[in-house]
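Participant: Sequence plus the predicted model coming up.
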Amino acid sequence: MSYVEMPGAKVPIRMWTDPASVEEGALQQLRNVAGLPWIKGLAVMPDVHYGKGATVGSVIAMRGAVCPAAVGVDIGCGMSAVKTSLTANDLPGDLSRLRSKIEQTIPVGRGLHTDPVDPDTLHGFGAGGWDDFWGRFDGVAEAVRFRRERAGRQMGTLGSGNHMIEVCLDTDGSVWLMLHSGSRNIGKELAEHHIGVAQKLPHNQGLVDRDLAVFVSDTPQMAAYRSDLYWAQEYAKYNRSIMMALLKDVIRKEFKKARPAFDTEISCHHNYVAEERYDGMDLLVTRKGAIRAGSGEFGIIPGSMGTSSYIVKGLGNEKAFNSASHGAGRRMSRTAAKRRFTVRDLEEQTRGVECRKDTGVIDEIPGAYKNIDQVMAQQRDLVEVVAKLKQFICVKG
């Protein structure tokens, strides 16, 4: 489909979905964003749903301003994927051992590494800029500097919720590795600190939603936020790179005879800020639950823990600010999913997948998410499909 345009106070709301399918709370959030004084454009992805301040699945372009809540509290959250030389024929009949080895190697949930991962010990991992990156930690907001040790030990860990590690097959029978994670607790604390700072600034008083508080250019508060933001985005990227290196090492050890090789990794943020130029203007573009899909750029759009995921190439649609959805998107809250579904439902909906099947992950059941194939159909003018993947192992926190 192409987009549907709804009127907004300052800019139109371009929606790559049927507005009638979007809950009223999310629609009101979109109207609120479209009325901000600094707004220059708003694109809404087919996985849109209610969020904090701004919806998940929205791309917001502003001039001279940025809204921390339009980035999300998991700064730099995103995906990584890599195709391997393994095929379905290389897989064992019992996948539980492989899942167990992954869980033993990469801490999940609130887990930490006993000692920080040393990148020099990881096969083929390039740690360029590593010392400079950690040296810049001394410049982040003073309120979170005491988290230095925890941040070091959480580097290379998965998290919980919709974060996952998957081993998948594409339609040609090739094995792929895929994972989803972000900046862990340090990113969350930085985001919450700066949202609190923004809410107290004079220019944000009287906003229809205090969670839409912004920083404006040429102020010390904006400079401090952008410095911390870019550091947290880098943390998230390193976090995924280290996890992928650890995951590759598991695969090498478990499939020694096959001598697995790996293609170039694909990696993309979907909660972040970028400086981009549109219609002759330099804009700050926030993607919250959206990936960049510039012409020819690779991206990853996952489904849920029992459905397909997609490797895509962007089509460079500037009406969507060169963006696409970050996944299927939730169709119900976690609380609603826990009320509606049972462990038996989870077992049925994840049949054939080696994964947790207990009450702790019912809120991640496929039925709590939108239909990924329908989401993909709604953004045919934003991306083209390169590969369709289906997981046979899914690790959740």
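Facilitator: Everything's here; your move.

Participant: So V197, which state does it fall into?
Facilitator: helix (DSSP: H, G, I helix; E, B strand; the rest coil).

Participant: quick one: contacts for it?
Facilitator: Counting by C-beta atoms under 8 Å, 6 or more residues apart in numbering, V197 makes contact with 221, 224-225. The C-beta positions use only the backbone N, C-alpha and C, and glycine is treated the same way.

Participant: Could you count how many residues lie near the closest residue to Y3 other than its chain neighbours?
Facilitator: Once flanking residues are discounted, Y3 sits nearest to R14: 4.4 Å by C-beta to C-beta, 6 or more residues apart in numbering. R14: 19 surrounding residues under other C-beta atoms under 10 Å.

Participant: a strand runs through R14, doesn't it?
Facilitator: Yes - assessed with three-state DSSP, R14 lies in a strand.

Participant: Is it correct that it is in contact with E5?
Facilitator: Yes - the pair R14 / E5 is scored as a contact, 5.5 Å apart, by C-beta atoms under 8 Å.

Participant: How much space separates H194 from K253?
Facilitator: H194 sits 41 Å away from K253, going by C-beta to C-beta, to the nearest Å.

Participant: Have a look at these two and say which one is more surrounded.
Facilitator: H194 (27 against 10).

Participant: can you map out the helices along the stretch 151-300 of the chain?
Facilitator: 184-199, 220-254 (DSSP state H, counting those that start in this stretch).

Participant: of all these, which lies closest to E103?
Facilitator: helix 220-254 (9.9 Å; C-beta to C-beta).

Participant: starting at the chain centroid, how far to that closest one?
Facilitator: Put simply, helix 220-254 sits 12 Å off its chain's centre (C-alpha atoms, centre = their mean, to the nearest Å).

Participant: Stretch 307-325 too?
Facilitator: The answer for stretch 307-325 is 14 Å, by C-alpha atoms, centre = their mean.

Participant: How about it, which residues are buried there?
Facilitator: 307-315, 317, 319-325 (16 or more other C-beta atoms under 10 Å).

Participant: Tell me the pLDDT of G8.
Facilitator: You'll see G8 listed with a pLDDT of 97.

Participant: residue contacts, it?
Facilitator: G8 neighbours (C-beta under 8 Å, 6+ apart): 30-31, 34-35, 42.

Participant: cool, S295 as well?
Facilitator: Per C-beta under 8 Å, 6+ apart, neighbours of S295: 314-316, 322.

Participant: farthest-separated two in these?
Facilitator: Farthest pair in the contacts of S295 (C-beta to C-beta) is L315 and N322. Separation: 8.7 Å.

Participant: Mind listing the shared neighbours of those two?
Facilitator: In contact with both L315 and N322: 293, 295, using C-beta under 8 Å, 6+ apart.
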